[in-house]
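>>> Please work out how this folds:
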Amino acid sequence: MRQQMLSREAVASDAAAAGKALSLEGVITEEREYAFLLRTEAGTLRVRGELPEDLRVGDRIRITGVPERIQAATNPGAFDNAAYAESEGIHWQVTAEEIVLTKRNGDWFLGMLDRIRSACREKVEELLPKKEAGILLAMLLGERAGVDKELKELYRQSGIAHVLAISGLHVSLIGAALMALCSLLPISGRKRGALTILFLLLYGALTGFSPSTLRAIWMLSAVCFGRMLRRTSDLPTSAGGALFLILLIQPYRVTSSGMLMSFLAVAGIVAGDSCYRAIFDRERFLFLPTRLRGPFKRLMGMILLSLMLQLFLEPVMLRDYYSVTPYSPLVNLLIVPLLTAAVMSGAVGLLLSFLPGFWNLAEAALLPCRGILRLYEGICRAVSHIPGHEILTGGIGETEALIAIPLILAVVYGIWHLLRGRKRKDRKWSAYLLTLLLITAFYLAGALYASLRNRWAGRIIFLDVGQGDGCIVHTKNGTDLLFDCGSSSKETVGTDVLIPALRYYGIRELDGVFLSHSDTDHISGVQQLLEQGELYGIRVDRILLGAGTVEDENLKRLSEAAEAAGTKVHFLRAGDALVSGETTVRVLLPREGESGEGNDYSMVNCLTVPGCSVLFTGDIGAEREAELAEILREAEERTANNSPEEDAETSADVVRILKVPHHGSRFSSSEQLLSLFEASDTPIAESNVPIAASNAPIAVISCGRRNIYGHPAGETLERLEKAGFTIYRTDQNGAVIVELP
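Residues are numbered from 1 along each chain as shown. Now for the predicted structure:
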């Protein structure tokens, strides 16, 4: 089997390397946004583009196209398409040059499941408003594509994103309903159990057998088997069996977020239950009135369980979402008890909608679900206005997340052992309070570590925005700046590239956003940040543009977004500077009295931080470069005549990094400008690109892959190489990250 897989991999790899088209036949297994999955003899492929209208899931087709690797994330914090595909066992994608139907409904089972999903989707969308329909489809069928993006983010920030996934609770509720229905049938208990397991497997196939669904179905099936054999199953054993099953049939999912969070949640439940029994097992709370003792004991158990779940899930939350939500244990106390009613109401209403003449009854059955989902949204919006509802920490690495898990297990075991060893009469309120405080403290300690880890590291990040520009500067003294951010090839560059990168580095506020000019490929991401900043907890203090910039439609929309976000807009000219600690940004162009628009009127800035200087040139052309070269030459002459004190105040270090003008167009980067850059005795450490053996100046070209403009031009690359530059390109290297000393 392994040899066969390697041969299939070799065939696809050889074809990709040679740019040779392959002809592959397979069955369509799933339709996605702008792509569909095809199961072939060479494995499952992702086929780019929308599924043709005359084809559907289950059809057998033959496609012709050149295979290519699915691109990994090229920006920090961005969604990693390659890793997600790997977790599904998908390694290659194809842009189909030709699609031929070879057999209609080639896999009848997949076709049947797809028709059921489509019918359910249509019914729910008819019965409920768009927002509520999207959430219910996510809860019942695992279809998250229709969930409103703003609402999804509010759920995540409130710590209840698990509501949008098919979790163990959802499957348990459906399993309990199936058991109840089967109990009405005149058959034996063993047959009822077998029938329940069969329906659970069909439900799993209908929803795609995600790791959490597979785990829940296995564990519930273990309960059914136990009843059939008159045995009982315990949580740790059945969870261990589920883990073994997933590793056996879906080993590629081992590091996926869904897999880790599902089993860490089980570990949190087991740990919470163990600590609860160690503390409250025989506690009677005699100081309370009799009628309050039971509810109070359950409340304490729920609080302990919520804290324990939050603690166990924290490593994955920090790795994938770069934040912690301190109020989520309390929010879940309100959310979870209502989830049963929401799921059951939604399921019953959906089933009734398929019965002739029961449409009005279906609408009535869905009223509780609709009301609960609206209540959820109201709670999330209320929480989003509470200070500290989300602590943006920045991300941690895979290794750090894996190290944190055994540390958490050790801490919880220590707490359990300490409490278990105490005699019941010695368990005072101090012991209960100490337990909650220890769990909370360790939870917050993880958040503090992630926050300090990202705050103390200085970086310059030239983002891969496609055809456009964007650079984040994060210094150790806490100064956070942005130089341009826009794209003409990525419509959602702000939400897909800029905001995730800012969150990944724990940046909550940008002290200044320098915009060279108002073209879309330089400002579209900034406009999206202004519009979405409040939702994601990121504020822009001020926007800085070149004085005399003529207002066009882009700039007008940007100004309106800035005003709505409470961001000030300032205009700068040559000689102006922004100074923050050891960080200085000097404006070199435009000069006093100038006005204009477009590429040649780009604002040019020189950033200076300890050990490194960067020249940001916007989209200026050859004539403007000649003016810039003269300005730099004059500054260099003044520096040579200054005293050390004056030099520290008025001049910059030797410019080490050139942000290449106009994405490397053929008329940019003149020899006159390049001659001003020198090598340095101090190397710059770069984290994601090879270190240049010499300490040559560095040129960063920001351009899109296979862009229609032909950037960067061959002539420009030749001039840069001749001048001794080490060249990095975002279309080849992805984001270029410079670690500051």
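
>>> show me what contacts the nearest residue to Arg542 once chain neighbours are set aside?
Using C-beta to C-beta, 6 or more residues apart in numbering and skipping the chain neighbours, the partner closest in space to Arg542 is Lys568 (4.7 Å). In this view, the C-beta of every residue, glycine as well, is placed from N, C-alpha and C. Going by C-beta atoms under 8 Å, 6 or more residues apart in numbering, Lys568 touches 541-543, 562.

>>> Tell me the spacing between Ser668 and Ser613.
Relative to Ser613, Ser668 is positioned 20 Å away (C-beta to C-beta, to the nearest Å).

>>> More neighbours: which of the two?
Neighbours around Ser668 and Ser613, counted as other C-beta atoms under 10 Å, are more numerous at Ser668. The numbers are 26 against 18.

>>> Tell me the pLDDT of that one.
Listed pLDDT for Ser668 reads 90.

>>> before we move on, what about Ile691?
39.

>>> before we move on, what about the one 5 residues further on?
Per-residue pLDDT puts Ala696 at 80.

>>> ok, it touching Ile727?
No. Taking contacts as C-beta atoms under 8 Å, Ala696 lies outside contact range of Ile727: 9.8 Å.

>>> what's the residue nearest to Arg542 sitting at in phi/psi?
Main-chain dihedrals, Lys568, degrees, to the nearest 10: phi -80, psi 150.

>>> in the stretch 151-300 of the chain, which spans are strands?
Counting by DSSP state E, counting those that start in this stretch, the stretch 151-300 of the chain has no strands to list.

>>> which intervals of it have sub-threshold pLDDT?
The stretch 151-300 of the chain contains residues with pLDDT under 70 at 168.

>>> From Leu418, how far off is Ile408?
16 Å.

>>> Sketch out the low-pLDDT regions of the stretch 301-450 of the chain for me.
Applying pLDDT under 70 to the stretch 301-450 of the chain picks out residues 419-433.

>>> Equivalent analysis for the stretch 451-600 of the chain, please.
Scanning the stretch 451-600 of the chain residue by residue, none of them satisfies pLDDT under 70.

>>> just the helices in it please.
Under the criterion DSSP state H, counting those that start in this stretch, the stretch 451-600 of the chain contains helices at 493, 499-504, 520-536, 553-565.

>>> quick one, which of the ones you listed is nearest to Met112?
Closest approach to Met112 among the helices of the stretch 451-600 of the chain (C-beta to C-beta): helix 499-504, 38.4 Å.

>>> what comes into contact with the closest one?
75-79, 322-323, 392, 394-395, 461, 463, 472, 510, 528-529, 532, 536, 538, 735.

>>> Make a ChimeraX selection of whichever of the residues you listed turn out to be buried.
To isolate the buried ones among these in ChimeraX, judged by 16 or more other C-beta atoms under 10 Å, type:
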select :75,76,77,78,322,323,392,394,395,461,463,472,510,528,529,532,536,538,735
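
>>> middle-most residue in this structure, spatially?
Taking C-alpha atoms, centre = their mean, the centroid of the chain lies closest to Phe79, which sits 4.8 Å from it.

>>> Skip the chain neighbours and tell me the closest residue to that residue.
Ala73 (6.6 Å).

>>> Remind me which helix or strand that neighbour belongs to.
Assignment of secondary structure by DSSP states H and E places Ala73 within no helix or strand.

>>> what about it, neighbour count?
Using other C-beta under 10 Å, the number of residues around Ala73 comes to 18.

>>> Leu418 now?
There are 14 residues near Leu418, going by other C-beta under 10 Å.

>>> Downstream of whichever strand or helix holds Ser613, the next helix or strand is which one?
If you go by DSSP H and E, Ser613 is part of strand 612-616. Heading C-terminal from strand 612-616, the first helix or strand you meet, by DSSP H and E, is helix 622-641.

>>> That following helix: which residues count as buried?
Here helix 622-641 shows 622, 624-625, 627-629, 632, 635 as buried, counting by 16+ other C-beta under 10 Å.

>>> Same check on stretch 160-177?
160-168, 170-175, 177.

>>> Can you flag which of those residues belong to helices?
Residues of the buried residues of stretch 160-177 located in helices (DSSP state H): 168, 170-175, 177.

>>> Pipe these into JSON lines and attach distance to Thr520 per row.
Formatted as JSON lines, those follow (distance: C-beta to C-beta, whole Å):
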{"residue": "Gly168", "distance to Thr520": "46"}
{"residue": "His170", "distance to Thr520": "43"}
{"residue": "Val171", "distance to Thr520": "46"}
{"residue": "Ser172", "distance to Thr520": "50"}
{"residue": "Leu173", "distance to Thr520": "48"}
{"residue": "Ile174", "distance to Thr520": "48"}
{"residue": "Gly175", "distance to Thr520": "52"}
{"residue": "Ala177", "distance to Thr520": "52"}
